[in-house]
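Novice: Pasting a predicted model and its sequence here:
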Amino acid sequence: MTVWTRLRDHRLWSGPWPALAAGLAAALAHPPFGVLPGLLGYALLLRQLDGASPERPLRSAFWRGWLAGVAYFGLGTWWIAEAFMVDAANQGWMAPFAVAAMAGGLALFWGAAGLAYRAIGRKGPWRVLVFAGTFAALEWTRGHILTGFPWNLPGETWRAGSWPSQAAALVGAYGLTWITLAIAAAPAVWREGRGGRIALGAAAAGLVALHGYGAAVESRPLPEGSPVTVRLVQADIQQDAKWDATRFARIVQSYVSLTAKPYAGKPADLVIWPEGALPAAVNDYLAPGTWVREAIVDSLKPGQILLIGGYRYEGPVQAPVYYNSLIALRRTATDLEPIGVYDKHRLVPFGEYLPAEKLLTAIGFKSLAHLGDGFATGPRPAPLRLSPDLLVQPLICYESLFPGLARRDPEVRALINVSNDAWFGVTSGPLQHLNLASYRAIESARPILRATPTGVTAVIDARGRIRPGASLSLGQSGVVDASIPAKGEVTPFDHLRNGAFWVLLLISMVASARVWSGKTSSSIARLKELG
């Protein structure tokens with residue numbers, strides 16, 4: 001018996017452990033971990049699905065895909081527990097249940113993908129493309145059911161700004177997911193004759209092409225635009241501090257003092273505060289004559305524009321409607337002039353709105369979990385004009401996860417991403433969010449101005465790279481002074497959206513037809529032998 005046979009037949013490769021290891025390895029490949037050999041976890045998962053129990057292969061494949069997903073999403077989203085510890089007395093008990101529910105729920109998509117892959121067939125090296133297609137299709141589904149949760153798509157494993165990540169400008173994050181899965185799974189078939197060697201060679205060529213294309217893109221300079229200076233403010237206000245009414249004045253003072261900090265050069269044209277900067281309704285603290293409004297006026301210079309994230313309300317006092325908004329204000333000679341409002345369109349399930357609210361309220365879930373009334377949905381994202389020559393596209397927090405959410409407009413100078421990552425403390429969550437948001441810069445060829453209360457605040461160029469010296473990490477307080485980086489040309493993804501992704505799925509469908517034709521031919525041959 002060869003060493004390979006002994007390893008293949010070892011009992012450690014049976015049961016749940018290999019599937020869990022596959023998901024864990026794939027999760028470790030994502031930033032901030034960046035263990036890229038972990039991508040081979042997809043090859044291990046493919047082998048596990050091929051080896052599903054012959055007695056009940058579909059159920060076994062679903063189970064193995066689900067286990068891999070539990071490990072993948074468990075490591076990728078464990079940081080949500082931090083949000084429940086902000087109000088630990090009331091919600092801390094829910095933290096382990098929330099993490100388990102999140103990982104187990106998202107893993108259902110991987111379970112369904114494993115089942116679909118196994119149902120189509122497992123013959124020949126072409127099945128690598130079937131594997132890529134089924135998993136990429138279910139990842140797209142994950143990003144669209146309810147409001148969707150496209151966190152840590154396999155295609156976003158590559159660090160934003162790296163050479164492979166530049167392919168997102170061609171095919172988007174979903175298309176890059178298909179490519180990444182196909183490349184990463186190919187080593188699973190390398191021992192299967194000439195076809196397996198061809199599959200592995202094609203994967204190697206694809207990996208070289210990703211790096212080559214990215215290198216070529218990054219070698220081309222971006223065209224310079226008219227200079228617009230910006231100041232991003234990060235006050236390092238922890239989320240639990242916002243629950244203490246006695247700290248409100250101190251929080252306001254932190255933001256206004258940083259905003260008024262002397263400039264080394266030309267004062268900023270645009271000042272950006274993060275989502276939920278001040279823990280009160282915008283209507284209240286910006287009301288005429290309030291001390292907060294006067295403090296903000298004093299911190300700005302005439303002509304400066306302030307973007308401030310916060311919640312606002314409309315309608316009667318008895319039944320107000322709340323929005324998570326980004327408010328644009330211009331400092332006049334003596335006051336603040338409102339010049340625009342953007343209301344968040346894509347809300348976080350269970351965080352900003354409650355799916356099936358009537359049912360969950362009736363059974364007592366809403367009161368048990370201490371959930372409020374939530375926010376109303378704003379219109380589909382559209383650009384916000386701050387001045388005659390400055391058009392920006394806001395994306396509030398969660399919205400920055402979604403490829404192609406905002407409508408294309410060639411005049412948009414930059415994306416504005418305000419986020420309240422303070423909910424997740426000093427964990428991997430804010431760092432992952434930074435990487436995922438940066439993919440929107442690559443897809444649109446537009447820089448991102450990103451402001452958060454506790455980090456990571458950064459200026460990201462149109463290739464998804466953080467500008468040197470233009471970021472504040474977790475737990476830092478300060479400002480980032482910079483000019484808005486140049487924008488690129490309209491990208492293929494910006495023009496076609498997910499068109500390339502559907503073509504790649506079509507390739508998977510052709511591959512699945514080939515797998516089926518191979519199975520049919522084999523069955524006919526066996527029948528002839530029996531005859």
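Specialist: Looks like it came in fine. Residues are numbered from 1 along each chain as shown.

Novice: Below-threshold pLDDT in this structure: ranges please.
Specialist: 1-15, 122, 354-373, 515-531 (pLDDT under 70).

Novice: Geometric centre of it: which residue is closest?
Specialist: For the chain, Leu401 is the residue whose C-alpha lies nearest the centre (C-alpha atoms, centre = their mean; 3.3 Å).

Novice: give the contact list for that one.
Specialist: Leu401 is in contact with 143, 149-151, 433, 436-437, counting by C-beta atoms under 8 Å, 6 or more residues apart in numbering. Quick note: C-beta positions are derived from backbone N, CA and C, even for glycine.

Novice: if we go to 10 Å?
Specialist: 143, 148-153, 156, 173, 346, 395, 433, 436-437, 439-440 (C-beta atoms under 10 Å, 6 or more residues apart in numbering).

Novice: Those residues in helices, which ones?
Specialist: Mapping the contacts of Leu401 onto helices (DSSP state H) picks out 173, 433, 436-437, 439-440.

Novice: Now render the residues you listed as a markdown table, adding distance to Ile179.
Specialist: Listed next are the ones in helices among the contacts of Leu401 as a markdown table, based on distance: C-beta to C-beta, whole Å:
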| residue | distance to Ile179 |
| --- | --- |
| Ala173 | 11 |
| His433 | 23 |
| Leu436 | 17 |
| Ala437 | 21 |
| Tyr439 | 14 |
| Arg440 | 18 |
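
Novice: Dihedrals phi and psi, the residue nearest to Asp389 when sequence neighbours are not counted?
Specialist: The shortest distance from Asp389 to any residue other than its chain neighbours is 6.6 Å, reached at Ser226 (C-beta to C-beta, 6 or more residues apart in numbering). Reported as degrees, to the nearest 10, the phi and psi values for Ser226 are phi -70, psi 140.

Novice: these two touch, right, Ser226 and Pro388?
Specialist: No: in this structure Ser226 lies outside contact range of Pro388 using C-beta atoms under 10 Å: 11.5 Å.

Novice: more neighbours, those two?
Specialist: A direct count of neighbours by other C-beta atoms under 10 Å for Ser226 and Pro388 places Ser226 higher, at 10 against 6.

Novice: what sits against the more buried one?
Specialist: 389-390, 413, 483-484, 486.

Novice: Which one of those is nearest to Leu108?
Specialist: Arg413 (40.4 Å; C-beta to C-beta).

Novice: The closest one in helix, strand or coil?
Specialist: strand (DSSP: H, G, I helix; E, B strand; the rest coil).

Novice: Quick one: residues contacting it.
Specialist: Taking C-beta under 10 Å, 6+ apart, one finds 225-226, 228, 383, 386, 389-393, 446-447, 449, 484-487 in contact with Arg413.

Novice: Could I have the buried ones of these as PyMOL selection syntax?
Specialist: Of those, the buried ones go into a single PyMOL selection, burial set by 16 or more other C-beta atoms under 10 Å:
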select buried, resi 228+383+386+390+391+392+393+446+447+449+484+485+486+487
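
Novice: And the furthest pair within the ones in helices among the contacts of Leu401?
Specialist: Ala173 and His433 (14.1 Å).

Novice: the more surrounded of those two?
Specialist: Counting neighbours by other C-beta under 10 Å for Ala173 and for His433 shows that Ala173 has the greater number, 30 against 23.

Novice: Would you confirm that that one contacts Leu153?
Specialist: Yes: using C-beta under 10 Å, Ala173 is in contact with Leu153, at 5.2 Å.

Novice: And the strands in the stretch 251-400 of the chain?
Specialist: 270-272, 305-314, 321-331, 336-343, 384-387, 390-396 (DSSP state E, counting those that start in this stretch).

Novice: Regarding the residue lying closest to Ala29 once chain neighbours are set aside, what is its secondary structure?
Specialist: Excluding the flanking residues, the one nearest Ala29 by C-beta to C-beta, 6+ apart is Gly38, at 3.6 Å. Three-state assignment for Gly38 (three-state DSSP): helix.

Novice: contacting residues around Gly38?
Specialist: So Gly38 contacts 22-30, 157, 184 (C-beta under 10 Å, 6+ apart).

Novice: Likewise for Ile296?
Specialist: 252, 255-256, 259-260, 271, 273, 278, 285-286, 290, 306, 308, 329, 331, 336 are the contacts of Ile296 under C-beta under 10 Å, 6+ apart.

Novice: Using neighbour counts, trim those to the buried set.
Specialist: Counted by 16+ other C-beta under 10 Å, the contacts of Ile296 give 252, 255-256, 259, 271, 273, 278, 285-286, 306, 308, 329, 331, 336 as buried.

Novice: could you say which helix or strand contains Gly214?
Specialist: helix 193-219 (DSSP states H and E).

Novice: other SSEs contacting the helix or strand just after that helix?
Specialist: Next in sequence after helix 193-219, counting helices and strands by DSSP H and E, comes strand 229-234. Under the contact definition 3 or more C-beta pairs under 10 Å, 6 or more residues apart in numbering; DSSP states H and E, strand 229-234 sits against helix 248-259, strand 270-272, strand 305-314, strand 412-418, strand 448-451, strand 457-460, strand 466-472, strand 478-483.

Novice: Which positions within strand 229-234 qualify as buried?
Specialist: Under 16+ other C-beta under 10 Å, the buried positions of strand 229-234 are 229-234.

Novice: just the residues you listed now: which is nearest Trp17?
Specialist: Gln234 (42.5 Å).

Novice: so the closest one touches Val456, yeah?
Specialist: Yes: between Gln234 and Val456 there is a contact under C-beta under 10 Å: 8.7 Å.

Novice: hey, what's in contact with both of these two?
Specialist: 450, 471-474, 476.
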